[in-house]
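K.L.:
sequence and predicted structure below; questions after.
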Amino acid sequence: MRDRLIRIARALLAIVILAFVVRAVARNWDALRAQPIRWAFHPLPALGAVVLVWSMYALLVEAWRRMLAGWGEHLAYPTAARIWVLSSLGKYVPGKVWAIAGMALMARDAGVSGWAATASAVILQVMAVGTGAIVAMGFGGAAMEATHPGVPRYFVAGAAVAAVALAGLCFPAPLRRLLGLVGVRAEAATPGVAPVLLGVLANLTAWLGYGISLWLLARATVPDGNLGMPLAVASFAASYVAGLVALIFPGGLVVREGVLVAMLQGPLGLGPATALAIGSRVLLTITELGAAVPFLFLRPGKPRAV
């Protein structure tokens, strides 16, 4: 009886998450079509943007598996991919804890220790924010200074703090303090320097990939735009990080688009920048939903070590 109730609860949760995702796509699509600009559609760069985003997902899943392995916990890749993809949809539900909580609970159900599952989810969020700030500054400092004088100094400070925080993940004392802030008591010192460095490298690569996908999307849909790849990378990273730290907005909605428009309207103009920001939201929502569909209503397999 208990197992049946759990299955029903999971199915209901899947339906709720799916409803939030579909609503987000519908709202953004209507806004996207309403933009008064000249549209085009070139399928090859659009397809490249989708494939590139999915490739970054695959890379981040493997980085997460390696981090768990550093703590002596193991997940088969398909199981890890299922957990990572489905838990990521939690950001569409109001409240920032759902994605982290979902990853931790699903990993625990798959045989991972509860503390390791939660700790790895928290560390992933820290890595995402920290590496995103570094990429935003590294690629967009000069461009932002030209269009928004004085703003880059804040990114310099953020990147410095992020670098220190990421370095601290390699040492037991600061890592324990970080996890203690969210009530997690780690039973092992750290996952090891190598898994942490791999996680940082994977996140840096993912930000580059996501930024290039934005550049490809611009080439596919906004023929009048003149978006350079470095600014695309910086703008995507900065806007996404802003959305991550805006705690009251599900999925960073509005916040991410606002930052993206502010950074892109100089070289593109307000109309194309707004359209591209909304188009980016639609693209990412579609790629997240597309990655989740094979897993969303499938029954998970039995825990298996690799």
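P.N.:
Received, thanks.
K.L.:
which is the next helix or strand following the helix or strand of the chain with the lowest mean pLDDT?
P.N.:
Here the helix or strand of the chain ranked lowest by mean pLDDT, DSSP states H and E is helix 2-33, holding a mean of 51. Following helix 2-33 in sequence order, the next helix or strand is helix 43-70 (DSSP states H and E).
K.L.:
and that following helix, what's buried?
P.N.:
For helix 43-70, a neighbour-count test (16 or more other C-beta atoms under 10 Å) marks 45-46, 48-50, 52-54, 56-57, 59-70 as buried. All C-beta spots, glycine's among them, are computed from the backbone N, C-alpha and C.
K.L.:
would you mark the buried spots in the helix or strand just after it?
P.N.:
Later in the chain than helix 43-70, the nearest helix or strand by DSSP H and E is helix 77-88. Residues Thr79, Ala80, Ala81, Arg82, Ile83, Trp84, Val85, Leu86, Ser87, Ser88 are the ones in helix 77-88 that count as buried (16+ other C-beta under 10 Å).
K.L.:
surely the fifth one and Met106 touch.
P.N.:
It refers to Ile83. Yes: contact criterion C-beta atoms under 8 Å: Ile83 and Met106 qualify, at 4.4 Å.
K.L.:
same for the helix or strand Gly271 falls within, what does it pack against?
P.N.:
Here Gly271 sits within helix 270-296, counting by DSSP H and E. With contacts defined as 3 or more C-beta pairs under 8 Å, 6 or more residues apart in numbering; DSSP states H and E, the packing partners of helix 270-296 are helix 2-33, helix 43-70, helix 77-88, helix 193-221, helix 255-268.
K.L.:
those helices: lowest mean pLDDT?
P.N.:
Least confidently modelled of these is helix 2-33, at a mean of 51 by mean pLDDT.
K.L.:
just checking, what packs against the longest helix along the chain?
P.N.:
Secondary structure of the chain per DSSP state H: the longest helix is helix 114-147. Judged by 3+ C-beta pairs under 8 Å, 6+ apart, the packing partners of helix 114-147 are helix 43-70, helix 97-109, helix 152-168, helix 172-181, helix 193-221, helix 229-245, helix 255-268.
K.L.:
mind listing what's buried in that helix?
P.N.:
Under the neighbour-count criterion of 16+ other C-beta under 10 Å, helix 114-147 has 115-141, 143-144 buried.
K.L.:
Arg176 and Val184, how far apart?
P.N.:
Using C-beta to C-beta, to the nearest Å, Arg176 is found at 9 Å from Val184.
K.L.:
tell me which of these two has more neighbours.
P.N.:
Neighbours per residue (other C-beta atoms under 10 Å) separate Arg176 from Val184, with Val184 holding more: 21 against 16.
K.L.:
host element of that one?
P.N.:
Per DSSP H and E, Val184 falls between elements, in no helix or strand.
K.L.:
from Ser88, how far out is it?
P.N.:
Val184 sits 20 Å away from Ser88, going by C-beta to C-beta.
K.L.:
repeat that for Thr274.
P.N.:
For Thr274, the distance to Ser88 equals 25 Å [C-beta to C-beta].
K.L.:
what does Met137 give?
P.N.:
25 Å.
K.L.:
and for the spatially closest residue to Phe171 that is not a sequence neighbour, the neighbour number?
P.N.:
Of all residues not flanking Phe171 in the chain, Thr190 sits nearest, at 6.9 Å (C-beta to C-beta, 6 or more residues apart in numbering). Applying other C-beta under 10 Å, we find 22 residues neighbouring Thr190.
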